[in-house]
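**Student:** structure of the sequence below:
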Amino acid sequence: MRRGRTAAGGATALLAALAASGCARYRPLPLPPGPDLRATPQLTLPAKAFQLPGLNAVRLPRHGLDELGVVALAVSDDPALKAARLQAGVAAAQMYAAGLLPDPVLSASVSDSALSAGYALAAAEPLQALIVRGAARAAAAANAHQVNLNILWQEWQVAEQARELFLQAREGDALVAVQRRQNAVLARQYQRDRKAMARGDAVAGAVGSDLAAVTAGEASLKTLQLHRHQARGQLKQLLGLTPGTPLDLVGGARLPALPAARLRQAVAALPQRRADLLALQAGYASQEAAVRQAILAQFPGLTASLSQGQDVEGLHEAGAGVSLTLPLFNRNRGTIAVQRATRQLLRQTYQARLDQAAGAATEAWAAANIQRREVRRLQQRLPELQAAARQARAAARQGAISADQAAGLEVNWLAAQAAAIRARAALATDEAAVRTLLGLPY
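**Tutor:** Numbers count the residues shown, from 1 in each chain. Here you go, the predicted structure:
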């Protein structure tokens, strides 16, 4: 009796020791104690790590940040993107788990009698996992690929947002400068009319109109300064910078116009270029593997076992066995139906996204062309308005026209400048949106 118990207990202890030797150990990972923001713009990813086409050779300028520098910093340091990139590690762990085989099931028992003792040892391994293992690994690998492509698409979105905020901030700088010049003209006009009214050469109505114009100009300046501050604040958040970090932006938009032939080629190549469409393709491939896995799982489940023991009469026994799940009622039909329906849903989702992408890119390209014509029209008028304002100032000095008339022409020229600045910024934003929708390099 003691030998039977010793054999069974020793085998159990050995198996427990083997199992414990490969176990992972728990290590706590505390949450961050505070914000992880920097006071100096710097790339935390090497240039070769950028997946966005056109960003591989980005170098930050020594003085200030240009458009591509802002895009590169955003893709590198956006806090939300840093968290999103960790999804790739989760998907890789899932792919690793899909390739693991289930552990065997071990059992041990002892039996006693008045004269002797017996024991039994058995090991069983389900074979169903071997049948579906290939399909499970294929599904996990396609899912990991989809996760990486979704991260890439999110990087595209962050790049577009960074570019848009850069353009808004630069537009704000230019508009604030123009509005200050316009306010200075209005203030001088107001002061002249006040002095003239004091001498009895002007009526109170003119002074009141001047004061209303000055007040409206000051309100416009405050609004522009607020919008510029908001754009810079959002840009700092995107770059992972502390709110008080000075942000010196230089340069303007760099994207050239997209010819119609290039647009047609890019629309035709959307399924091979745009990251979100490639991600949907990978998701569909993962679902195809899931359908195969569900179909394979309908076949009878096999479990093989080996046993060895000794009965109470001292006779040794050894054997092998197989257990079989009979596919009579379930046959995994419910899972197969769900996986097939999911596959059909993903197929239609991909078709809808592809149609939407082609339509949105074409519409955005048309809108950019309309905006480009508006920019050209305003640019053509600016020299004429500038010349008229210059001539009016000269005429006012000679007394040919009043100072108020000259100021009005100068205000008109500055207003046209502001309209042109807004039009150019809108055009740059539209052109960037077209390239993002088409998945074209920056």
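**Student:** switch to C-alpha atoms for all contacts and neighbour counts from now on
**Tutor:** Fine.
**Student:** tell me who's in contact with the residue nearest the centre of the chain.
**Tutor:** In the chain, the centroid-proximal residue (C-alpha atoms, centre = their mean) is residue 154; its distance is 1.9 Å. Taking C-alpha atoms under 8 Å, 6 or more residues apart in numbering, we find residue 154 in contact with residue 81.
**Student:** which element is it on?
**Tutor:** Assigned by DSSP states H and E, residue 154 belongs to helix 128-199.
**Student:** so what secondary structure elements neighbour the next helix or strand after that helix?
**Tutor:** As assigned by DSSP H and E, the chain's next helix or strand after helix 128-199 is helix 204-238. Contact analysis of helix 204-238 by 3 or more C-alpha pairs under 8 Å, 6 or more residues apart in numbering; DSSP states H and E lists helix 128-199 as its packing neighbours.
**Student:** chain center to the helix it packs on: distance?
**Tutor:** For helix 128-199, the distance between its averaged C-alpha position and the chain's averaged C-alpha position is 13 Å (C-alpha atoms, centre = their mean, to the nearest Å).
**Student:** ditto for stretch 72-88
**Tutor:** 8 Å.
**Student:** name the residues of it that are buried.
**Tutor:** Along stretch 72-88, these residues count as buried under the neighbour rule (16 or more other C-alpha atoms under 10 Å): 72-79, 81, 84-85, 87-88.
**Student:** got the CA positions of it in PDB?
**Tutor:** Extracted C-alpha coordinates of stretch 72-88, given in PDB (Å, rounded to 0.1, in the frame of the first residue of the first chain):
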ATOM      1  CA  ALA A  72       6.600  64.300 -38.100                       C
ATOM      2  CA  LEU A  73       6.500  65.400 -34.500                       C
ATOM      3  CA  ALA A  74       2.700  64.700 -34.300                       C
ATOM      4  CA  VAL A  75       3.100  61.200 -35.800                       C
ATOM      5  CA  SER A  76       6.000  60.600 -33.400                       C
ATOM      6  CA  ASP A  77       4.700  62.100 -30.200                       C
ATOM      7  CA  ASP A  78       1.000  62.200 -30.200                       C
ATOM      8  CA  PRO A  79      -0.100  60.600 -26.800                       C
ATOM      9  CA  ALA A  80      -3.100  58.900 -28.400                       C
ATOM     10  CA  LEU A  81      -0.900  57.400 -31.100                       C
ATOM     11  CA  LYS A  82       1.600  56.100 -28.500                       C
ATOM     12  CA  ALA A  83      -1.200  54.200 -26.900                       C
ATOM     13  CA  ALA A  84      -2.600  53.000 -30.200                       C
ATOM     14  CA  ARG A  85       0.800  51.500 -31.100                       C
ATOM     15  CA  LEU A  86       0.600  49.200 -28.100                       C
ATOM     16  CA  GLN A  87      -2.300  47.500 -29.800                       C
ATOM     17  CA  ALA A  88       0.200  45.900 -32.100                       C
END
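**Student:** hang on, the earlier thing: just give me the closest of the buried residues of stretch 72-88 to residue 214.
**Tutor:** Among these, residue 74 lies closest to residue 214 (C-alpha to C-alpha), at 39.3 Å.
**Student:** list the contacts of that closest one.
**Tutor:** Neighbouring residues of residue 74 by C-alpha under 8 Å, 6+ apart: 158-159, 162, 238-240.
**Student:** farthest-separated two in those residues?
**Tutor:** Set against one another by C-alpha to C-alpha, the contacts of residue 74 have their most distant pair in 159 and 240, with a gap of 13.9 Å.
**Student:** the residue nearest to the centre of the chain and residue 93: what is the separation?
**Tutor:** The span separating residue 154 from residue 93 equals 21 Å under the rule C-alpha to C-alpha, to the nearest Å.
**Student:** what do you get for residue 85?
**Tutor:** Spatial separation of residue 85 from residue 93 under the definition C-alpha to C-alpha is 14 Å.
**Student:** where do the helices sit along this protein?
**Tutor:** Counting by DSSP state H, one finds helices in the chain at the ranges 2-21, 67-77, 79-98, 128-199, 204-238, 260-268, 270-273, 275-296, 333-398, 403-438.
**Student:** residues near residue 128, how many?
**Tutor:** One way to gauge burial is a neighbour count; for residue 128, by other C-alpha atoms under 10 Å, it gives 18.
**Student:** how much space separates it from residue 33?
**Tutor:** 47 Å.
**Student:** residue 152 too?
**Tutor:** For residue 152, the distance to residue 33 (C-alpha to C-alpha) stands at 29 Å.
**Student:** what about the protein, any weak spots by pLDDT?
**Tutor:** For the chain, residues meeting the criterion pLDDT under 70 lie at 1-22, 36-62, 112-116, 201-205, 301-302, 304, 309-314, 328, 442.
**Student:** what number of residues lie near residue 383?
**Tutor:** Neighbour tally, residue 383, other C-alpha under 10 Å: 12.
**Student:** and residue 131, by the same measure?
**Tutor:** As a burial measure, the neighbour count of residue 131 was computed by other C-alpha under 10 Å and equals 15.
**Student:** wait, what's in contact with it?
**Tutor:** Residue 131 is in contact with 296-297, counting by C-alpha under 8 Å, 6+ apart.
**Student:** and it, how far is that from residue 292?
**Tutor:** Here the distance between residue 131 and residue 292 works out to 11 Å (C-alpha to C-alpha).
**Student:** list the contacts for residue 214?
**Tutor:** For residue 214, the contact set (C-alpha under 8 Å, 6+ apart) comprises 183, 186-187, 190.
**Student:** and it, how close does it get to residue 258?
**Tutor:** Spatial separation of residue 214 from residue 258 under the definition C-alpha to C-alpha is 42 Å.
**Student:** can you check residue 104 too?
**Tutor:** When distance is defined by C-alpha to C-alpha, residue 104 is 62 Å away from residue 258.
**Student:** again, but for residue 215
**Tutor:** Plainly put, residue 215 is 43 Å away from residue 258 if you go by C-alpha to C-alpha.
**Student:** still on that earlier bit, the buried residues of stretch 72-88 into TSV, with extra columns for distance to residue 23?
**Tutor:** As requested, the buried residues of stretch 72-88 are exported to TSV (distance: C-alpha to C-alpha, whole Å):
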residue	distance to residue 23
72	42
73	41
74	40
75	38
76	36
77	36
78	36
79	34
81	33
84	29
85	27
87	24
88	24
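**Student:** okay, now the nearest residue to residue 119 once chain neighbours are set aside: neighbour count?
**Tutor:** With sequence-adjacent residues excluded and distances taken as C-alpha to C-alpha, 6 or more residues apart in numbering, residue 119 is closest to residue 110, at 4.1 Å. The tally of other residues near residue 110 (other C-alpha under 10 Å) stands at 20.
**Student:** just checking, residue 110 touches residue 121?
**Tutor:** No. Assessed by C-alpha atoms under 8 Å, residue 110 is found out of contact with residue 121, at 9.0 Å.
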